[in-house]
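Visitor: sharing a model that was predicted from the sequence below.
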Amino acid sequence: MPHAAAIDGTRIAYQVRGAGQPLVLLAGQSNNHTWWDPIRADFETQYQTITLDWRGTGESDKPDEVYSTVGFADDVVAVLDDLGLDSANVYGTSMGGRVGQWLAINHPERVDALVLGCTSPGAAHGYERSQEIRKALVDPARTERVLLELMYTPEWIAQNPGPYYVLGDTTMPSYAKGRHLVASNKHDAWAGLPSISTPTLVLHGADDVFSPAANAQLLSDRIPGARAELIAGARHAYFHEFRSVASPAVLAFLAAQHRA
């Protein structure tokens, strides 16, 4: 598996599949590239898909030091540099969407088109999950089931016994999970969002309470020219359960940008 060297020398593992214009797919907090495995094929026929293992996950190095969404964005740039790519389309979900915001703010020349999924501008200005949900997620006896139900509808869970790809990288050291949590919690891109000039689509499950759906309109109002789409009935993992709606929406958006 290839690795890129980040600014600080940390080795960032990445994976490339498909052919065509590059499309970087960014996973959620404490997850590695397998987050995209169930739907990656939706994009591979038209795009060269690029994923990475966040520092602290997968085959990447796992330094025990401060992580940040700004730093994660720099790691993505290191991957693009290693591949010799001047720019790429970017589709980030959950924490990956937070990283996508910083890519478009700090590295606008590297992002051709941006899709932000089930994400927020950060706690300082965004809509946060309830205290009830927070308490449930820190109960070891309930964490996995609660997270699963935040991701998917009960009907989908009943029909799909797993494996599930969005519940976290089980190989992560505990310190790295803590570093990811802090990085995501401290994300605040609010001041920089109006400077984004990249064409942007914001997607969100209408029934998402993990990252409340109201964040979608908040982001699209803050980013010039952005458009928000809510997917009816979908929760946090809208991109997986509702792939028949979400993936075509992303592909149509990207195609429109490249025709323009």
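Guide: Thanks, I have it.
Visitor: only C-alpha atoms for contact and neighbour calcs from this point on.
Guide: Fine.
Visitor: number of residues surrounding the residue nearest to Gly92 when sequence neighbours are not counted?
Guide: Distances taken as CA to CA, 6 or more residues apart in numbering put Leu26 closest to Gly92, at 4.4 Å, once the chain neighbours are dropped. By the other CA atoms under 10 Å criterion, the neighbourhood of Leu26 contains 31 residues.
Visitor: next one: Leu26 from Pro161, what distance?
Guide: Using CA to CA, to the nearest Å, one obtains 25 Å as the distance from Leu26 to Pro161.
Visitor: other SSEs contacting the lowest-mean-pLDDT helix or strand in the chain?
Guide: Sorting the helices and strands of the chain by mean pLDDT, DSSP states H and E puts helix 131-137 at the bottom, at a mean of 85. Helix 131-137 sits against helix 143-151, with contacts defined as 3 or more CA pairs under 8 Å, 6 or more residues apart in numbering; DSSP states H and E.
Visitor: which parts of the helix it packs on are buried?
Guide: Of all the residues in helix 143-151, those buried under the rule 16 or more other CA atoms under 10 Å are 143-144, 147-151.
Visitor: could you point out which element follows it?
Guide: Counting by DSSP states H and E, the element after helix 143-151 in chain order, helix or strand, is helix 154-159.
Visitor: just the mean pLDDT for the helix or strand just after that following helix, thanks.
Guide: The C-terminal neighbour of helix 154-159 among helices and strands, as given by DSSP H and E, is helix 174-185. Confidence for helix 174-185, expressed as mean pLDDT, is 96.
Visitor: please apply the same query to stretch 77-93.
Guide: Here stretch 77-93 scores 98 as its mean pLDDT.
Visitor: is Ser68 in contact with Asp188, as I believe?
Guide: No. Between Ser68 and Asp188 there is no contact, the gap being 10.3 Å when judged by CA atoms under 8 Å.
Visitor: residue contacts, Thr57?
Guide: Remark: with contacts taken as CA atoms under 8 Å, 6 or more residues apart in numbering, Thr57 is in contact with 30-32, 169, 171-172, 176.
Visitor: so Gly28 is in contact with Arg98, correct?
Guide: No. Applying CA under 8 Å, one finds Gly28 not in contact with Arg98, separated by 9.2 Å.
Visitor: okay, these two: which has more neighbours?
Guide: Counted by other CA under 10 Å, Gly28 and Arg98 do not tie: Arg98 has more neighbours, with 29 against 25.
Visitor: chain center to the helix or strand where that one lies, what's the gap?
Guide: Using DSSP H and E, the element containing Arg98 is helix 95-106. Computed by CA atoms, centre = their mean, to the nearest Å, the separation of helix 95-106 from the middle of its chain amounts to 9 Å.
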